[in-house]
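Enquirer: I would like the atomic coordinates for the input below:
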Amino acid sequence: MTRLKRDSIGYLVVIGFCVLLITWAIPVYTPAYPGYGASPALVGYVAAGVMLFMACLSLARVLVALRFGRPIPSREREFPEDLDDGAGFTQVGRVNLRHLASLMLPCLLLLVAIGYLGYELTSFVFLMLLQFAIGSRRWLQSVVVSISLVVVLFVVMRYGFGVPVPGPQYFL
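Expert: Model prediction:
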């Protein structure tokens with residue numbers, strides 16, 4: 001499989017995930033709008049919208065280049081180690097679908113669990129899993145980063161923007 005095909009599949013997976021978030025997950029798992037501050041769904045829609053836009057833009061670039069016969073540089077369509085000039089580095093720019101799935105699975109679990117366990121606990125576990133998935137093996141550092149991010153995001157969303165966080169509340 002060429003790099004161009006694998007990247008295109010990766011873009012399509014991200015597009016499908018974003019469409020799933022926008023059409024199902026965010027509307028179903030977002031608490032009701034209390035009538036003040038920003039809508040609780042705002043951050044989710046903005047994040048999913050930006051990811052969707054960027055993935056569509058990347059896929060469109062590839063499709064337009066193929067449609068109009070514009071040459072795509074060999075460094076963008078083949079893996080670096082497959083280049084004839086031998087100037088490649090083995091992992092640069094490669095989309096690893098298994099790695100992508102290992103990052104998306106905690107996101108899906110977060111969406112389901114946040115309604116039952118609450119924002120604080122679910123976000124802490126999510127961040128720990130995400131750090132493990134990207135290769136962090138320092139547990140103390142992961143705990144400190146996770147707790148810090150959860151507290152900062154909770155304070156900013158709840159008290160800064162006035163957005164009620166979903167799920168049961170442990171800290172008010």
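
Enquirer: what's the span of stretch 27-40, first residue to last?
Expert: Terminal residues of stretch 27-40 are spaced 10 Å apart (C-alpha to C-alpha, to the nearest Å).

Enquirer: Next, the buried residues of that stretch.
Expert: Neighbour counts over stretch 27-40 (16 or more other C-beta atoms under 10 Å) mark 29, 30, 37, 39, 40 as buried. Backbone N, C-alpha and C define where each C-beta goes, glycine included.

Enquirer: Can you check what pLDDT the model gives residue 94?
Expert: What the model reports for residue 94 is a pLDDT of 58.

Enquirer: same check, this time on residue 123
Expert: Residue 123 is given a pLDDT of 89.

Enquirer: Work out for me the element it sits within.
Expert: Element membership for residue 123 (DSSP states H and E) is helix 119-133.

Enquirer: Look up how far residue 97 lies from the residue nearest the centre of the chain.
Expert: The centroid of the chain falls nearest to residue 104 when counting by C-alpha atoms, centre = their mean (6.7 Å). Distance, residue 104 to residue 97, by C-beta to C-beta, to the nearest Å: 10 Å.

Enquirer: Report the set of residues contacting both of the two.
Expert: In terms of C-beta atoms under 8 Å, 6 or more residues apart in numbering, residue 104 and residue 97 are both contacted by the residues residue 13.

Enquirer: following the one helix or strand in the chain whose mean pLDDT sits lowest, which helix or strand shows up next?
Expert: The helix or strand of the chain with the poorest confidence is helix 74-77; it has a mean of 61 (mean pLDDT, DSSP states H and E). For helix 74-77, the following helix or strand on the C-terminal side (DSSP H and E) is helix 97-117.

Enquirer: CA atoms of that next one as PDB?
Expert: Extracted as PDB, the C-alpha positions of helix 97-117 are listed here (Å, rounded to 0.1, in the frame of the first residue of the first chain):
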ATOM      1  CA  LEU A  97      -4.000   3.000  11.400                       C
ATOM      2  CA  ARG A  98      -3.500   0.900  14.500                       C
ATOM      3  CA  HIS A  99      -2.100   3.900  16.400                       C
ATOM      4  CA  LEU A 100      -5.000   6.000  15.100                       C
ATOM      5  CA  ALA A 101      -7.500   3.500  16.500                       C
ATOM      6  CA  SER A 102      -5.700   3.300  19.800                       C
ATOM      7  CA  LEU A 103      -6.200   7.100  20.100                       C
ATOM      8  CA  MET A 104      -9.800   7.100  19.000                       C
ATOM      9  CA  LEU A 105     -11.000   4.200  21.200                       C
ATOM     10  CA  PRO A 106     -10.400   6.200  24.400                       C
ATOM     11  CA  CYS A 107     -12.300   9.100  22.800                       C
ATOM     12  CA  LEU A 108     -15.300   6.900  22.200                       C
ATOM     13  CA  LEU A 109     -15.200   5.400  25.700                       C
ATOM     14  CA  LEU A 110     -15.000   8.900  27.100                       C
ATOM     15  CA  LEU A 111     -18.200   9.900  25.400                       C
ATOM     16  CA  VAL A 112     -20.100   7.000  26.800                       C
ATOM     17  CA  ALA A 113     -18.500   7.000  30.300                       C
ATOM     18  CA  ILE A 114     -18.800  10.700  31.000                       C
ATOM     19  CA  GLY A 115     -22.600  10.500  31.500                       C
ATOM     20  CA  TYR A 116     -22.200   7.800  34.100                       C
ATOM     21  CA  LEU A 117     -19.000   8.600  36.000                       C
END
